[in-house]
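Trainee: Sequence below, structure please.
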Amino acid sequence: MIEALQNAILNKDADAVVVALADWDEDQRKTAIEPFNILMLALGFERNVIEPCALGLDDPLVKQKRERDGIQQMFRWRKDLDKSLLIDRDMSYIAWLGRYGLESLEGCIRFPTIPGYEAWAARIMADRQPPWWDDWYAALTGKDRDYREIPPGYWSQMYEQKLVSADDFPAVINEFRIGLKEAMEEAPEATKLVLQEIPACRELVYSIQDQEYQLLEPKPWVPVIECLRQENLLDVKRLLESLVKALQGPLNQTERNGCLILMQVAKAEPETLAELQAEWAGLLSDSQAVVAGFAVEQLKQLEKAGLLDAREAVTALPGIFSHKPKKHAKTAIDLLARIATDPAHRREAVEAAVVALMHPNKDIQKAALELLEQHLQADDAAAQQTIELHLETIAPTLREKAAALLQSESPSQTETVADQSAPPPADSTFIDLSLLETRASAIPEPVKELLRVDEAVKAAQEGCADLSCLWSQQSVPVLTTAAPLQPIETVEELIDVTSAAVERLEDPDTAERIISGILRLYNERPNGFKTMTSSLAKRACASIDSRPQRGLTGGYDGTAFSLLIGAWLERKPDQDDCLFLDTPLQRFLNQLNQRVRARTAYPLISSATHAGGWLDPRVWVERLKAAQEQQIEVLETDLERSCLRLAPEHQTAAREAARELNAPYQTLAMTALGGDGSIDPALPPAVWIAALRTRDAWGDVSELLAPEERAVITESIAKLPDVIFPCDYEWTAGERVANSSIQQDVISAWPTQGEGQLETKQHQNTMRQLLEALERDENPAEALQNIAAQQNKPTTSFRFLPAELHQLRPTLAPPFLYPYLATQWPMKLDWYWCLATKALARRVESGSSVDTPFGQFLLPLFELDRPLTLMAARALWIATVSKDGSARSMATEVWIALAESDRLDLELLMRALSEVMAGGWVKLNRASEVLAEVAAVSPVHALCAAPVLEAVLISLDPFPRNVAALLEPLDEMSELLGRTVSAKLKTRLESIKSGKAKPLAKSLLGRADTITPAREAAVSGLLQARIERAERVAAADF
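Mentor: Numbers count the residues shown, from 1 in each chain. Down below sits the predicted model:
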């Protein structure tokens, strides 16, 4: 009787297993259990034995079975085993299927189905029709059931086999609530039958948006909706209404895209779309361009079907012009052009089209002007007034055409329009150049030299800009421009701020305030504390999958924040939470967590006093003094972190105050603040390295050590980046893999320590020690032997924060985390920009993502006096040419900030771009779009963007086919500024003889150099920014 089942198992034939078991009654199944168990043990499948079983792997009956049937025992994986002896996974699952047909009620409750073989399991159960079926079903669907995950596809197949009735099916609907799409994939025919015959299952489609995470991966729902639509079981209007309502709620971008995908699948008829025209009109002003674009496409379909309410449409269509995508705006203009042919709606359509003149794309502005040329009439006062008000937002080369639309006005108005076509500088932005020259002359010479003030003045006199950024972060003040961080003062405020941050957090300084607040206030317990914090504890201290993913405790790195909050709220941590806290920030937060739980925490020495992680040195000294007086056992990581956060200002005053400290804090403070101090063994090496790096973030700190201190530098420590020697970076731009969206290998940057540099330093160190030994009349041979022994002496393993920061890897994290990393060592951010390049490169050819908002890495560049370094410029270019809309938008804002604060360095930017372009994957049309948008902000921005764009063009040899995309914005900038291109570019432009680039090249070649009012305003504005920085430096108290 067992032979057929045995053959099916050995042949790994699931269908044969079903056939072998089909006709057995319950008595036959019981009889088959012992021979089945012997077969399982003979094969080595102990886990498939049906209990109770007294046999073992070496039982005589089992050995006889192997010998008689020629069965080879299989084993679990071991290194020393031949692969042929390892357990055959497929056979073990087929054996499990056989076991399923023999098991008792208890066994089938424990393992209700076989993963991957649900269809066969359902057939076995249907053939068997066990007498205990009702008990089994009740056990798996009852409220008190011991939860066993059963794929909904299995229930579909049970229904198909008529084991579950339509009346009983509602008991398993909850399984379908999160698994209907999987059921459609696993058992499409059976699930279609369920959809057709079970109304409660169809209802799930209308609540997709209410089910967590479903909109993030909407595509598996597509066949479900298609099935319902094909069977005429889908209420399309109801589905659209539910998804539109979801779009009006707090969804992220990915979830909103999911709504659009599902709406498209519904394939609504025009009559249904018409019932929702008010909703489509409302979505035209949605904050997400893709949603607004979808809405305008629905209106287009309605217009095509003759069902469009034109009056409602023209009122709403201007909302689309607030979005950048050209396609959506062009669709709206074409729609308005057709509406304008109806005299009843002409005026409203014209007034709507005028708004398109504010769109940043020149082609859209041109299309709007063509519509206005055809339909604008002399009595359209509102439209003409709008044109007049927004002439400055129109592309410079189109302003004359726009002005011509106003020629029907009075001569005085025409004169005003002509003036605006070449706008004079506004009083608020224009400063007389002579006044700026006077201010520049008063700046001390060292500061003028540091910031190239004289060069900037000379360039301004010539109507140009000196695009240079050569200062270091250490040479400029930061506390005068960084906002002071307001400490959280009360427990109630700490609860409120933390609760909001746990749900969503983008501001890195809020994270800093929360950490500081917990360490200061953790012992305070006002009345009702548990009630006040119950909701916070539930959200912040949940499992990693259940915590809000975009807040303080979200993602892998959020576990450390969760533990700290849990310590404050006295929540017992999960034992596994501490297993993988391996980054410097995670370990630091875990140390704070342990201190809070042990009630030995203290107000942190390293808490930032200003935005960006900066710490006022005067406050730092005060904190050290308080810690000494209170005999606080300060964490090593707290001291190390505090040194690396010290601002460059007020160090003289802090140094004087530090004289009141006792050892070892006095020597630590004097060392960090530039005074006399030597290494005190009372503090660990990591703290002293941090103090030395405070004095010189970019240099060789071994030069700051005494000879006897240099002698203890081991080879292993010397090799660590930014510990003893400054870190170098090697840059590689790899070729993008064709047909792949994976970008992590496109660009890589990593720290290195040159062997030559290390060997030279070691040699110098050895010679210095030998000379000192000879001066003491020591034996040269013995001295050399002692020096060698000292160098080869094993060293305790230390963690140095500057080195560890170089080991960070890009991870999925909430938006605040990336810029918060920069606050760990804000003075020298090359390690941070190295990490940013790796992260941003991953998404060069990927769309926007809420889970990897790597554009947040660029936030430190908004600091007013943060210099643009080579590493930062690489990261900026990668974001600029990225397909990721979020990263590119952030890059645009950074370019704007750098331009208006005079922090662009043309030579450095071009060097960085050449390195990024080396891989051959950069799409410069994206860079062109960004620079065009930057230039449109103001004449100052145009004056900065034009030389960059020109330098990019000169670097391209030969010109790419789409060179017009680069020439067009340069032509617009040049028209605004009255700027002629360089002789070098003119020579290149003369070679362009055809295509869209030809008229642009002709325009650039024919333009004479004329300083327009806009250029005057730009030159003075940029020089003013340079002088203001110089005045800040001159006035700073270092």
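Trainee: elements contacting the helix or strand where residue 314 lies?
Mentor: Residue 314 is part of helix 310-316, with elements assigned from DSSP states H and E. In this structure, helix 310-316 packs against helix 277-283, helix 326-340, helix 346-354, with contacts taken as 3 or more Cβ pairs under 8 Å, 6 or more residues apart in numbering; DSSP states H and E. Any C-beta I mention is one placed from the backbone N, CA and C, and that applies to glycine too.
Trainee: chain center to that helix, what's the gap?
Mentor: 38 Å (Cα atoms, centre = their mean, to the nearest Å).
Trainee: mean confidence score for it?
Mentor: What helix 310-316 shows for mean pLDDT is 95.
Trainee: tell me which residues in it are buried?
Mentor: Along helix 310-316, these residues count as buried under the neighbour rule (16 or more other Cβ atoms under 10 Å): 310, 313-314, 316.
Trainee: what sits against the residue most central in space within the chain?
Mentor: Using Cα atoms, centre = their mean, the residue of the chain that lies closest to the mean C-alpha position is residue 853, 1.8 Å off. Residue 853 is in contact with 815, 818, 886, counting by Cβ atoms under 8 Å, 6 or more residues apart in numbering.
Trainee: Most neighbours among these, which one?
Mentor: For these, neighbours were counted using other Cβ atoms under 10 Å, and residue 818 has the most, 25 neighbours in all.
Trainee: what's the closest residue to that residue other than its chain neighbours sitting at in phi/psi?
Mentor: Nearest non-adjacent residue to residue 818, counting by Cβ to Cβ, 6 or more residues apart in numbering: residue 856, 4.3 Å away. The phi and psi values for residue 856, taken as degrees, to the nearest 10, are phi -60, psi -20.
Trainee: now swap in residue 732 and tell me
Mentor: Per degrees, to the nearest 10, the backbone of residue 732 is at phi -130, psi 130.
Trainee: how far away is it from residue 841?
Mentor: 11 Å (Cβ to Cβ, to the nearest Å).
Trainee: Looking at these two, which is more packed in?
Mentor: residue 841 (29 against 13).
Trainee: next structured bit after the helix or strand hosting that one?
Mentor: Residue 841 is part of helix 830-842, with elements assigned from DSSP H and E. Proceeding N to C from helix 830-842, the next assigned helix or strand is helix 870-880, under DSSP H and E.
Trainee: Stretch 646-665 spans what distance, first to last residue?
Mentor: With Cα to Cα, to the nearest Å applied, stretch 646-665 spans 15 Å between its terminal residues.
Trainee: cool, stretch 104-120 as well?
Mentor: 18 Å.
Trainee: Residues contacting that stretch, please?
Mentor: Stretch 104-120 is contacted from outside by 14-15, 17-18, 50-51, 93-94, 96-97, 99-100, 103, 121-122, 130, 132, 135-136, 139-140, 146, 148, 150-151, 153-154, 157, 186-187, 190, using Cβ under 8 Å, 6+ apart.
Trainee: Tell me which residues of it come out buried.
Mentor: Applying 16+ other Cβ under 10 Å to stretch 104-120 flags 104, 108-109, 112-114, 117-120 as buried.
Trainee: picking up where we left off before, what helices and strands are in contact with the helix holding residue 841?
Mentor: By 3+ Cβ pairs under 8 Å, 6+ apart, helix 830-842 packs against strand 747-752, helix 817-822, helix 870-880.
Trainee: and these, which is most packed in?
Mentor: helix 870-880 (a mean of 26; mean count of other Cβ atoms under 10 Å).
Trainee: Now do the same contact list for residue 389.
Mentor: Counted by Cβ under 8 Å, 6+ apart, residue 389 has zero contacts.
Trainee: I'd like the next helix or strand past the helix or strand bottoming out on mean pLDDT in the chain.
Mentor: When the helices and strands of the chain are scored by mean pLDDT, DSSP states H and E, helix 411-421 comes last with a mean of 44. Next in sequence after helix 411-421, counting helices and strands by DSSP H and E, comes helix 433-441.
Trainee: ok, back up a step: mean pLDDT, mean neighbour count and distance to residue 596 added to the helices and strands packed on helix 310-316, as TSV?
Mentor: What follows is those, written out as TSV (pLDDT from 0 to 100; neighbours: other Cβ atoms under 10 Å; distance: least, Cβ to Cβ, whole Å):
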stretch	mean pLDDT	mean neighbour count	distance to residue 596
helix 277-283	95	19	47
helix 326-340	96	21	51
helix 346-354	96	23	59
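Trainee: Make CSV from these and add distance to residue 983 to it.
Mentor: Below are those laid out as CSV (distance: least, Cβ to Cβ, whole Å):
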stretch, distance to residue 983
helix 277-283, 51
helix 326-340, 34
helix 346-354, 41
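Trainee: still on that earlier bit, just the residues contacting the helix holding residue 314, thanks.
Mentor: Contacts for helix 310-316 (Cβ under 8 Å, 6+ apart): 277-278, 281-282, 284-285, 299, 303, 335-336, 339, 342, 344-345, 348-349, 351-352.
Trainee: mind redoing it with 10 Å?
Mentor: Residues from elsewhere that reach helix 310-316 (Cβ atoms under 10 Å, 6 or more residues apart in numbering): 277-278, 280-285, 295-296, 299-300, 302-303, 308-309, 332, 335-336, 338-340, 342, 344-353.
Trainee: Over to stretch 519-531?
Mentor: With Cβ under 10 Å, 6+ apart, stretch 519-531 has contacts from 487-495, 532, 537, 564, 567-570, 592, 595-597, 599, 601-604, 607, 638.
Trainee: hmm, which of these are the buried ones?
Mentor: 488, 491, 494-495, 537, 564, 567-569, 592, 595-597, 601-604, 607, 638.
Trainee: Buried residues of stretch 474-485, list them for me.
Mentor: Buried positions in stretch 474-485, judged by neighbour count with 16+ other Cβ under 10 Å: 474-482, 485.
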